[in-house]
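Enquirer: Model the structure of this input:
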Amino acid sequence: MRKVLVLGGGGREHALAWKLSQSSLFDKVFAAPGNPGIAQVATCVPVRKPSPQDYVEIARHVEADLTVVGPEAPLAAGVVDAFRAAGLRIVGPTQAAAQLEASKVFSKQFMVRAGVPTAHAVTVDNADAAEAVMDEIGFPIVLKADGLAAGKGVIISPDKDHAVAAVQTLPPGKIVVEEFLQGEEVSFIVLATEKGGWPLAASQDHKAARDGDQGPNTGGMGAYCDGRILSPEQEADVMARIINPTLQAMADAGTPFTGFLYAGLMMTASGPKVLEYNVRLGDPETQALLHRLDSDLGAVFLENEPFRWKPDPSVCVILAAYGYPGAIRAGDQIKGLDQCPATVFHSGTAGEGDYFETAGGRVLGVTSSGPDLATAIDNTYAAVKTIQFRGMHYRTDIGRKGLKRW
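Expert: Numbers count the residues shown, from 1 in each chain. Next up, the predicted model:
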């Protein structure tokens, strides 16, 4: 009997557990810690302390043949190193390789050394030093906290007054002050092995809290996946100019990268440029990607089966709790899930059986497909309307940029 363990408890991990539960190669799916939605497709295992060694013990306890890491924090803490030392199979990068996401400063310096196209930037030690170099960079300007910030450590300021106030809200430590790039964002993810990087379909995240890309950055308010986001020529260009040089430079530095490498791109007039690296699957991109994936995900991991994609585009809309992305309110009852015709991935819920309530900022990811993007969008928003909880809010324009392009 083959068993797989998913580390994490958000919407991305629900999507992973959901897809792995359909695999012909696994008889049992576990998740640590999981969530109430994941519990519908896997066995959830409590986590006493989220340390690499505790995760090793959980994997041994459930006799996992493979572990797949969802969030970035365990990777940055060295969970892959601990698993490999214990002789356990795991999908993800080592702690050293995970610095590509764990440190914005390391990432920016790495891109410059590797010749990976990116925005011009200056790294400073504190907020006062950041203010001193703002005019050199120009406005709009991008301010980035150095460490992990759950997708919310980036501020785009339209002018100096906004930037001076905004930089004071970043956590203490080094700050990357960066040129603002014009273009359209694309999430480009590859599964990296010793033999190279194998691209997933391109997708697009929507990070701003409100329609029209307005408001503060969030962990992601929705995403869509459509085979037309990048042309074959553009995909080949991204692989040649960004992914392959990144993987080669990591190997040359003695920190070869394995697992999911996510390049957040800006498709500028002069070609693709990297906004940031992530060292895991995106959230909510994973929900849209795995809804569209036609391959057996277990076979992708265990047998190097290639990624195959259904032709239908997919759309994921995040339903957020009252107050998100600021201080949230939890404990609001969720109604209508049993009436929802879409696939609903749980991100921040509590409860069991047929009773669920809000327990996080991003609560649910309503995900659907259609024969074309317009229909996929309509199907998803029709499904959204079947769900209610007090204070629920969401963007109404997920995927609509694609309609303007094609």
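Enquirer: Chain neighbours aside, what residue packs nearest to residue 214?
Expert: With sequence-adjacent residues excluded and distances taken as C-beta to C-beta, 6 or more residues apart in numbering, residue 214 is closest to residue 208, at 5.8 Å. Just so you know, the C-beta spots here come from the backbone N, C-alpha and C atoms, and that holds for glycine as well.
Enquirer: quick one, what contacts that neighbour?
Expert: 214, 215, 216, 217, 218, 221 (C-beta atoms under 8 Å, 6 or more residues apart in numbering).
Enquirer: swap the cut-off to 10 Å and go again
Expert: Listed by C-beta atoms under 10 Å, 6 or more residues apart in numbering, the contact partners of residue 208 are 156, 214, 215, 216, 217, 218, 220, 221, 325, 395.
Enquirer: same question, residue 109
Expert: By C-beta under 10 Å, 6+ apart, residue 109 lies in contact with 103, 121, 123, 176.
Enquirer: tell me the SS of it?
Expert: When classified by DSSP: H, G, I helix; E, B strand; the rest coil, residue 109 comes out as helix.
Enquirer: Per-residue pLDDT of it, please?
Expert: Per-residue confidence (pLDDT) for residue 109: 96.
Enquirer: quick one, what contacts the residue of the chain positioned farthest from its centre?
Expert: The outermost residue of the chain relative to its centre, with distances by C-alpha atoms, centre = their mean, is residue 132 at 32.5 Å. Contact partners of residue 132, counting by C-beta under 10 Å, 6+ apart, are 122, 124, 177.
Enquirer: Would you mind giving me the ChimeraX syntax to select the buried ones in the contacts of residue 208?
Expert: To isolate the buried members of these in ChimeraX, using 16 or more other C-beta atoms under 10 Å:
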select :156,216,217,218,220,221,325,395
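Enquirer: hmm, back to that, can you pull the buried residues of the helix or strand hosting the residue farthest from the centre of the chain?
Expert: Per DSSP states H and E: residue 132 is located in helix 127-137. Judged by neighbour count using 16+ other C-beta under 10 Å, the buried positions of helix 127-137 are 127, 130, 131, 134, 137.
Enquirer: and if you look at stretch 179-195?
Expert: Buried residues in stretch 179-195, defined by neighbour count with 16+ other C-beta under 10 Å: 181, 185, 186, 187, 188, 189, 190, 191, 192, 193.
Enquirer: Now, these that are in strands?
Expert: Those of those mapping onto strands are 185, 186, 187, 188, 189, 190, 191, 192, 193, per DSSP state E.
Enquirer: Low-confidence regions, the protein specifically.
Expert: For the chain, the stretches with pLDDT under 70 are 150-152, 406.
Enquirer: Could you rerun that using 90?
Expert: The model of the chain has pLDDT under 90 over residues 1, 147-154, 194-196, 216-217, 352-353, 404-406.
Enquirer: ok now the strand or helix carrying residue 178, how far from the chain's centre?
Expert: Here residue 178 sits within strand 175-179, counting by DSSP H and E. Distance of strand 175-179 from the chain centroid (C-alpha atoms, centre = their mean, to the nearest Å) equals 22 Å.
Enquirer: packing partners for it?
Expert: Contacts defined by 3 or more C-beta pairs under 10 Å, 6 or more residues apart in numbering; DSSP states H and E place strand 175-179 against helix 104-114, strand 121-124, helix 127-137, strand 141-145, strand 154-157, helix 160-167, strand 271-278.
Enquirer: Serialize those to a markdown table and add fields for distance to residue 49.
Expert: Shown next, in a markdown table, are those (distance: least, C-beta to C-beta, whole Å):
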| stretch | distance to residue 49 |
| --- | --- |
| helix 104-114 | 26 |
| strand 121-124 | 33 |
| helix 127-137 | 33 |
| strand 141-145 | 25 |
| strand 154-157 | 29 |
| helix 160-167 | 34 |
| strand 271-278 | 24 |
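Enquirer: what are the ranges of the helices in the chain?
Expert: Using DSSP state H, the helices of the chain run over 11-20, 52-62, 72-76, 79-85, 99-102, 104-114, 127-137, 160-167, 232-238, 244-252, 285-292, 297-303, 373-384, 400-405.
Enquirer: I'd guessed residue 307 sits against residue 294; true?
Expert: Yes. Counting by C-beta atoms under 10 Å, residue 307 touches residue 294, with 8.4 Å between them.
Enquirer: Show me which of those two is the more surrounded one.
Expert: residue 307 (16 against 10; other C-beta atoms under 10 Å).
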